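Participant: Return atomic coordinates for the entry below.
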Amino acid sequence: MEDKNIQMDETVAEDSIVTLLGEDGIEHNFIEVAQIEYQEKLYLILQPLELLDDMAEDEALVFRVDPTDGENARF
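Facilitator: Numbering: from 1, shown residues only. As a prediction, this is how the structure comes out:
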């Protein structure tokens, strides 16, 4: 059986870990690979620490960050 956990490199800083709350109420942890600003909007490229269903180890997800009035941003 394939191990679905990505091995964390010792160089990954704790502050590069992003936790997102899914619609199902489950938290998912990601490594922030990059931030991109495009047409005055911020996008994050995130790679899950634990692989999601039907996702290969070398894949990542792109999320648009929508600012909110509170402490947390909306993805």
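
Participant: What pLDDT is listed against residue 32?
Facilitator: pLDDT recorded at residue 32 is 93.

Participant: I'd say it and residue 17 touch.
Facilitator: Yes: assessed by Cβ atoms under 8 Å, residue 32 is found in contact with residue 17 at 7.5 Å. For the C-beta atoms, the positions are set from N, CA and C on the backbone; glycine is no exception.

Participant: Settle it for me: which of these two has more neighbours?
Facilitator: residue 32 (17 against 14; other Cβ atoms under 10 Å).

Participant: What residues does that one make contact with?
Facilitator: 16-18, 44-46 (Cβ atoms under 8 Å, 6 or more residues apart in numbering).

Participant: what pairs with it across the strands?
Facilitator: residue 46 (DSSP bridges).

Participant: with the contacts of residue 32 in mind, which one is nearest to residue 63?
Facilitator: Residue 63 has its nearest neighbour among the contacts of residue 32 in residue 44, at 5.0 Å by Cβ to Cβ.

Participant: hmm, back to that, taking the contacts of residue 32, tell me the two that lie furthest apart.
Facilitator: The most widely separated members of those are 17 and 45, with 14.1 Å between them, by Cβ to Cβ.

Participant: Please state the offset of stretch 17-35 from the chain centre?
Facilitator: Centroid separation for stretch 17-35 versus its chain: 4 Å, with Cα atoms, centre = their mean, to the nearest Å.

Participant: Give the buried residues for the strand or helix carrying residue 19.
Facilitator: Assigned by DSSP states H and E, residue 19 belongs to strand 17-21. Buried residues in strand 17-21, counted by 16 or more other Cβ atoms under 10 Å: residue 18.

Participant: Alpha carbons only: can I get it in PDB?
Facilitator: Extracted as PDB, the C-alpha positions of strand 17-21 are listed here (Å, rounded to 0.1, in the frame of the first residue of the first chain):
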ATOM      1  CA  ILE A  17       2.300  25.400   7.100                       C
ATOM      2  CA  VAL A  18      -1.200  26.600   6.200                       C
ATOM      3  CA  THR A  19      -4.300  24.900   7.800                       C
ATOM      4  CA  LEU A  20      -7.500  25.000   5.900                       C
ATOM      5  CA  LEU A  21     -10.900  24.000   7.200                       C
END
